[in-house]
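Engineer: the sequence and its predicted three-dimensional model are supplied below.
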Amino acid sequence: MDLGGRGRGGTLLASIWLVATTRLPLSHAFHLPSALPRLPPRACTSHRGGALRLVGAEGRGMAKMSPEQWAKGKNAPVLTADWRFGETGQPYCEILDVRTPAEFAEDHLPGAINLPVLSNDQRVLVGTMYASSPFEGRKLGAGLIMETLSGYLKEHFAEKGKDYRPLVYCWRGGQRSGSLAHVLSEVGFRSSKLDGGYKTYRAEVQEYLKRDHKYRWCMLSGPTGSCKTRLLKRFGAAGHQVIDLEGLANHRGSVLGGMGDQPSQKAFEGTLAWALRDIDPTRPVWVESESANIGSVQLPYKVIDALRKAPRFEVALPFERRVAATLDEYEGLTQQPEHLKALLSKLKRFLGAKIFCEWEKLIDEGRWEELVADLLVQHYDPSYSRSQAAHREKHNPLVEKLPLPDWDEKSLDEAVVFMETHLQDSEGYRAAYPTHEALAEAEARL
């Protein structure tokens, strides 16, 4: 429940204001409504059409006024669909997510901080009571929110200046965000409330990821230990566009690839959409070859479909250097032998108990290079070969070799320079992203 309504807002918000800014007891705020000040209608803006809408406290009746007229009137929360910029065209000072910590942990707007007006348990309690009695549920929720807002005014907002311009949002832009936005406006801050709340942002992310974006994807492929991630980072350091999918997913995409807690699917999609918005479609964007699933998160269909059709550059690193690079990458697992055994046990049903027992012996004896080499030979390389064969059969991409003699910084930088020199003339890139001249020549031949 969002304590949502857009009606009955005047009395409730006035009660919040009195409790948060005076010493009026909570019981007085509820039982002496005649003593409450009459609140003016809420001024709300819509940036669509350049006009500002004035919406009455009951949400009925609209009048239009210019931004200049509104600016001269009473300060009130700005209702906006733009979560990036305020009415001044500048980024908000803070983005405040007033949902519960559990809701915030699942996903939130980029850069948002969590100031929950109800805790996880309180939201459940209020929702349960609301189901049996909406009146009692609203009354309980209002009291809890008032107490929380009072604390925030004394702590989080105590040092904020008059030029503080926050954006406030909750699940659907209802009373949880409305209560804080209104109180902040009464104090004198230029607060804004996200129209539709988190649901507006989430719908925007989903819509964006369903588009056919014409990015110039360039894929770095290669078996495990080929230093694709290291090379990707060197591309980024050299000023090239990169999307680090494993970094966004916080997972290397293999049975040993855990890097800590992964984001939720919603959070992963949000950070991916945010990263894609910064891409210049006229320039190449480098990405590492991935399967549809990276750990527990899944790539959106439109993205994985575009990546499957992208030109591929297979990193060719000698086997012994791959062993050394892999051992360096997963060095932390050598300090956790029992955890490593538990991870590798997931492969027992594919490779058999005999091979798994050999790996356990190598772990117990600390023969790490032999273990890594055998893992590559027995599992990772065959798995890569099978996936590449299936990919060629379905998509028939052009694959070109990217020589990498070693994985030191000098070799990685030289590989970046090599691609800078040869990319535009490579057969795969020209086939995937033909120039206007090439298209004209092809039309002429037809």
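Structural biologist: Perfect, I can see it now.

Engineer: residue 378 versus residue 348, what's the distance?
Structural biologist: 12 Å (Cβ to Cβ, to the nearest Å). Yep, even glycine has a C-beta here, placed from its N, CA and C like the rest.

Engineer: should've said residue 111
Structural biologist: 45 Å.

Engineer: who has more neighbours out of residue 348 and residue 378?
Structural biologist: It is residue 378, of residue 348 and residue 378, that has more neighbours when counted by other Cβ atoms under 10 Å, with 18 against 14.

Engineer: so what's the more buried one up against?
Structural biologist: Residues in contact with residue 378 (Cβ atoms under 8 Å, 6 or more residues apart in numbering) are 351, 355.

Engineer: same check, this time on residue 416
Structural biologist: The contact partners of residue 416, taken as Cβ under 8 Å, 6+ apart, are 231, 234-235, 238, 240.

Engineer: again, 7 Å this time
Structural biologist: Going by Cβ atoms under 7 Å, 6 or more residues apart in numbering, residue 416 touches 234-235, 238.

Engineer: repeat for residue 264
Structural biologist: Contacts for residue 264 (Cβ under 7 Å, 6+ apart) come out as 106-107.

Engineer: let's have the chain start at 42 instead
Structural biologist: Will do, 42 is the new start, and the previous item becomes residue 305.

Engineer: against residue 368, how distant is it?
Structural biologist: To residue 368, residue 305 is 32 Å away according to Cβ to Cβ.

Engineer: how far is stretch 359-368 from where the chain is centred?
Structural biologist: 33 Å (Cα atoms, centre = their mean, to the nearest Å).

Engineer: buried residues in it?
Structural biologist: 362-368 (16 or more other Cβ atoms under 10 Å).

Engineer: and if you look at stretch 200-207?
Structural biologist: For stretch 200-207, the neighbour count (16+ other Cβ under 10 Å) marks 201, 205-207 as buried.

Engineer: farthest pair in those?
Structural biologist: Largest separation among the buried residues of stretch 200-207 by Cβ to Cβ: 201 and 206, giving 9.8 Å.

Engineer: could you pull out the strands for the stretch 342-487 of the chain?
Structural biologist: Counting by DSSP state E, counting those that start in this stretch, one finds strands in the stretch 342-487 of the chain at the ranges 353-357, 440-444.

Engineer: let me know which of those strands is tucked in deepest.
Structural biologist: For the strands of the stretch 342-487 of the chain, the largest average neighbour count (mean count of other Cβ atoms under 10 Å) is found in strand 353-357, namely a mean of 21.

Engineer: report the strands that pair with that one, each with its relative direction.
Structural biologist: strand 257-262 (parallel), strand 440-444 (parallel) (DSSP bridges).

Engineer: can you redo the ones you listed as JSON lines with mean pLDDT and distance to residue 289?
Structural biologist: Shown next, in JSON lines, are those (pLDDT from 0 to 100; distance: least, Cβ to Cβ, whole Å):
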{"stretch": "strand 257-262", "mean pLDDT": "94", "distance to residue 289": "15"}
{"stretch": "strand 440-444", "mean pLDDT": "91", "distance to residue 289": "23"}
